[in-house]
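# Show me how the following folds:
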Amino acid sequence: MYVKYFGLSEPAFKITPDPRFLWYSDQHKEAKAKLEYHLSQKDGPVYLSADVGLGKTSIAQRLRDEFAADKSKKVVLAFAPNLKTANQFMRFIADEFEVKTARSYSDTLKNFERYLIEQYKAGITPILLVDEAQNLPHDTLKTIHHLFNFTTRNEFLIQIALFGQPELDKRIQRFKSLASRMYKAKLQPFDLQQTEEMMRFRWTVAGGDALPFQKEAIAEIYRLTGGIARDICKLANEALLRTVVENRKIVDKDTIIASARDAFEEVV
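Presented below is the predicted three-dimensional model:
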């Protein structure tokens, strides 16, 4: 509704994880670089822990797209499937890498190991990215841990990165042998300056010129969202819609406060 009104080519504050709209704060750059380094150097699995809406899915998608452009890599991005057993998970991963599955867990695992050895000899690196990994059952985490045993003397045969909410970090830390083998990256909510920079970036990507939010409005967005990127987008989106309905061109603080009642169940 507000796209044409503000002369945009597309909505600026969609909450779907579109990598084009991922604004790289310093911490996003650091987290992505850390993930990319460990996956490329084949020196160990890594995981990214962050609250909902901070951009971990967008980072996962960006890594998938970048690695997919490299013919020496075979990358799979899987959203944590609702699978209850290790056998179901192993069959799922084998299917994603186009490896023949078997009825038994051990046979599928053997087939997958042979596949990894074949890929290693062919100079191809399989990369597994798992999003929403905080939902994986303990048996599945044990399977992932077991995949770390497929190595040469110098590198892992499969590179793995897990992406999840803070509960993932807690679960990994309770699994001591898993925690000892994984590197960790983390994202924090934006501060006020980062909130404004992210909003300006998204507005530009959507084809906009000057961001139509007053400074006080941006400060109120930050206060109400705590710097959570997804909530920033929800509130900015609602505020723009309200501004169009009221036939105005600038979003002010009062509009943000009124829009928050539509965007969120509770407003502080």
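# What separation do you get for the residue nearest to the spatial centre of the chain and Pro189?
By Cα atoms, centre = their mean, the chain has its centre lying nearest to Thr57, at 1.7 Å. Distance, Thr57 to Pro189, by Cβ to Cβ, to the nearest Å: 16 Å. C-beta coordinates here come from the backbone N, C-alpha and C atoms, glycine included.
# again with Arg181
The value you get for Arg181 to Pro189, if Cβ to Cβ is used, is 29 Å.
# Look at the two and report which has more neighbours.
Pro189 (19 against 15; other Cβ atoms under 10 Å).
# Apart from its neighbours in sequence, what residue is nearest that one?
Gly227 (3.4 Å; Cβ to Cβ, 6 or more residues apart in numbering).
# element containing Gln194?
Assessed by DSSP states H and E, Gln194 sits inside helix 192-205.
# Output that helix in CSV with nothing but the alpha carbons.
The C-alpha coordinates for helix 192-205 follow below in CSV (Å, rounded to 0.1, in the frame of the first residue of the first chain):
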residue,chain,number,x,y,z
LEU,A,192,19.9,3.4,18.4
GLN,A,193,22.4,4.4,15.8
GLN,A,194,22.4,0.9,14.3
THR,A,195,18.6,1.0,14.3
GLU,A,196,18.6,4.1,12.2
GLU,A,197,21.3,2.9,9.8
MET,A,198,19.5,-0.4,9.2
MET,A,199,16.3,1.5,8.4
ARG,A,200,18.0,3.8,6.0
PHE,A,201,19.7,0.8,4.3
ARG,A,202,16.5,-1.0,3.8
TRP,A,203,14.8,2.1,2.5
THR,A,204,17.5,2.5,-0.1
VAL,A,205,17.4,-1.1,-1.2
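# Buried residues, it. List them.
194-196, 198-203, 205 (16 or more other Cβ atoms under 10 Å).
# I'd say Asp43 and Glu155 touch.
Yes. The pair Asp43 and Glu155 passes the contact test of Cβ atoms under 8 Å, sitting 6.9 Å apart.
# Show me the helices in the stretch 1-150 of the chain, by range?
Taking DSSP state H, counting those that start in this stretch as the test, the helices found in the stretch 1-150 of the chain are 2-5, 26-41, 56-68, 86-96, 105-121, 138-147.
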